[in-house]
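>>> Fold the following and give me the result.
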Amino acid sequence: MDTTAELFAKHWTYRPDFFDHERDYFERDLHIIIVGSFDAGMEQLAMEFTKDSAKLEADINKTTGDHQQWLVDSHAELMMDHAEQERFLRNMAFVALGTRLIHALRKMLRTAETFCPRNKKYRDTSMSEILRIWAEIGERFGIDLAANADKIAFAMPLNDVRNQIVHDGGDANPQLSFEKCTVGGGDESYLDLRFSKRYPEYVEGSGSLAAVRVTKEQFDRAFEASVVLVKWLAQELRIRQLAYVKSQSQTV
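You can find the predicted model right below:
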């Protein structure tokens, strides 16, 4: 017959693994809600563009002179609007990805309070939100952050790009406040160029017209890296949870 300690250990060992469940929910939301919504939006945009473009092209072929030129200009504007709408949709998917990642990480850290409570609050505002989470993971669970730096590297630009889209409306070079503007000096005299200088690969255009633009390749890389990070953390926390259960069972 099992001892009380063995029964205690078995109870916790065979209970549902919350961390793996959260990993599963995370991947489900990424595929169904974020990517699914994005794909549906892109499909709708394509349908509307095809319909409106076909109508304009047909009208262009029926007219001449100034009216035709006006229709040609309208068609060019339609193409630009379509490209802008696609950019907006992909940017929003990137924002959703970054937000859902932070939510998953924080939820797992809160659950880990049952066996490894927080001893302090991580509020260092000189660090980005994702770096504060990373610091907490290292300090609370004794995980070697330097050895696992490759798993978090992608999340820093993901978090920064997400914030730029959310807080500056997707402008890569937002205008400085009047007090910070200077006379002369080109763009730097009235624009905040910090983002575009740090992440030029996420910028389309220049000067005051520069906008944040996430490409399909950038989104896909962040998507895959997010899945890897959440899966890795779920496994690390489960190992520590079971180790705690084993240590506690010896005292029962």
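>>> got a pLDDT number for the nearest residue to L193 once chain neighbours are set aside?
Distances taken as CB to CB, 6 or more residues apart in numbering place N173 nearest to L193, at 5.5 Å, with adjacent residues excluded. (C-beta placed from N, C-alpha, C; glycine too.) Listed pLDDT for N173 reads 96.
>>> if I've got this straight, N173 is in a strand?
No. The assignment for N173, made by DSSP: H, G, I helix; E, B strand; the rest coil, is coil rather than a strand.
>>> what about it, distance to M79?
Going from N173 to M79 by CB to CB, to the nearest Å gives 24 Å.
>>> more crowded one of those two?
Shown here are N173 and M79; by other CB atoms under 10 Å, N173 has more neighbours (25 against 13).
>>> now for the longest helix along the chain, which elements pack on it?
The residue-count maximum for a helix in the chain (DSSP state H) belongs to helix 65-111. Packing partners of helix 65-111 (3 or more CB pairs under 8 Å, 6 or more residues apart in numbering; DSSP states H and E): helix 18-28, helix 36-62, helix 129-141, helix 155-167, helix 216-249.
>>> Of all the ones you listed, which one comes closest to E84?
Among these, the nearest to E84 by CB to CB is helix 36-62 (10.4 Å).
>>> Let me know the angle separating that closest one from helix 216-249.
170 degrees (axes from the mean of the first three to the mean of the last three CA atoms, to 10 degrees).
>>> which helices and strands does helix 36-62 pack with?
helix 65-111.
>>> starting at the chain centroid, how far to the helix it packs on?
Distance of helix 65-111 from its chain centroid, counting by CA atoms, centre = their mean, to the nearest Å, is 14 Å.
>>> tell me the angle of it relative to helix 216-249?
Using the same axes, to 10 degrees: helix 65-111 against helix 216-249 is 10 degrees.
>>> quick one: average confidence on helix 65-111?
On average, helix 65-111 scores 96.
>>> show me the residues around the residue nearest to L193 that make contact.
By CB atoms under 8 Å, 6 or more residues apart in numbering, the contact set of N173 is 187, 191-193, 195-196, 206-208, 210.
>>> which stretches of this protein aren't confidently modelled?
Where the chain drops to pLDDT under 70, the residues are 1-15, 250-252.
>>> Geometrically speaking, which residue is the centre of it?
Taking CA atoms, centre = their mean, the centroid of the chain lies closest to G98, which sits 2.0 Å from it.
>>> ok, and the closest non-adjacent residue to that one?
Nearest to G98 is R162, by CB to CB, 6+ apart, at 3.6 Å.
>>> Just say which of the helices and strands packed on helix 65-111 is most tucked in.
Greatest average neighbour count among these goes to helix 155-167 (a mean of 20), per mean count of other CB atoms under 10 Å.
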